[in-house]
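A.B. asks: fold the stuff below for me.
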Amino acid sequence: MRLPFLTPAATSVRLLQVRDAAAVADLHAGGFTHGWAVHEIEALLVDAAVMGQGVGPAGGTLFGFVLSRCAADEAEILSIVVDHRHRGAGLAGRLLRAHLGRLSARGIRHLFLEVDEGNAAARALYARLGFAEVGRRTAYYRRPDGSAATALVLRRDLD
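C.D. replies: As a prediction, the model looks like this:
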């Protein structure tokens, strides 16, 4: 079921807290074949090297999130998901732009992520935001039908 269309202006981006772990786990399970458990998300959210942000109506339910792990002046996006009922509203772009700003303010100069080669929507978003392919991992992802998909390794330098 598609929910009413939301403009990015009707939402806010905020830092994730441990209390968001169940909502993040639900979103992750809806976006990936192998979802993360609540305790795994809680462990990430208490890790000082991990930065997480969510997007949704101010004070309301999360519609999406992004989690990154930082090391020195580099970071890797561990996961990013927008609920399928809210895709196409510009929320992923808003969330990622805010996340890029926070990472840059933290001193991160290089950001990496992996994306399924067949995920055209995500690849288009990352291209619009300046990510470039720097590697490939053949047969990296397992699909529900047992087949394998190639992961593209993307990088973006932050100013």
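A.B. asks: from Arg143, how far out is Ala92?
C.D. replies: Ala92 sits 22 Å away from Arg143, taking Cβ to Cβ, to the nearest Å as the criterion. All C-beta spots, glycine's among them, are computed from the backbone N, C-alpha and C.
A.B. asks: who's more crowded, those two?
C.D. replies: It is Ala92, of Ala92 and Arg143, that has more neighbours when counted by other Cβ atoms under 10 Å, with 24 against 11.
A.B. asks: quick check, that one in contact with Arg128.
C.D. replies: No. With contacts defined as Cβ atoms under 8 Å, Ala92 does not count as touching Arg128, sitting 10.4 Å away.
A.B. asks: can you pull out the low-pLDDT segments for the protein?
C.D. replies: The model of the chain has pLDDT under 70 over residues 1-9.
A.B. asks: what are the buried residues along the longest helix seen in it?
C.D. replies: Secondary structure of the chain per DSSP state H: the longest helix is helix 91-105. Using 16 or more other Cβ atoms under 10 Å as the test for burial, helix 91-105 gives Leu91, Ala92, Arg94, Leu95, Leu96, Ala98, His99, Leu100, Leu103.
A.B. asks: stretch 13-22 too?
C.D. replies: Buried residues in stretch 13-22 (16+ other Cβ under 10 Å): Val13, Arg14, Leu16, Asp20, Ala21.
A.B. asks: now do stretch 77-94
C.D. replies: Across stretch 77-94, burial judged by 16+ other Cβ under 10 Å covers 77-83, 86-87, 89-92, 94.
A.B. asks: quick one, what contacts the nearest residue to Thr61 once chain neighbours are set aside?
C.D. replies: Leaving aside its sequence neighbours, Thr61 sits nearest to Ala23 (Cβ to Cβ, 6 or more residues apart in numbering; 6.9 Å). By Cβ atoms under 8 Å, 6 or more residues apart in numbering, the residues touching Ala23 are Gly54, Thr61, Leu62.
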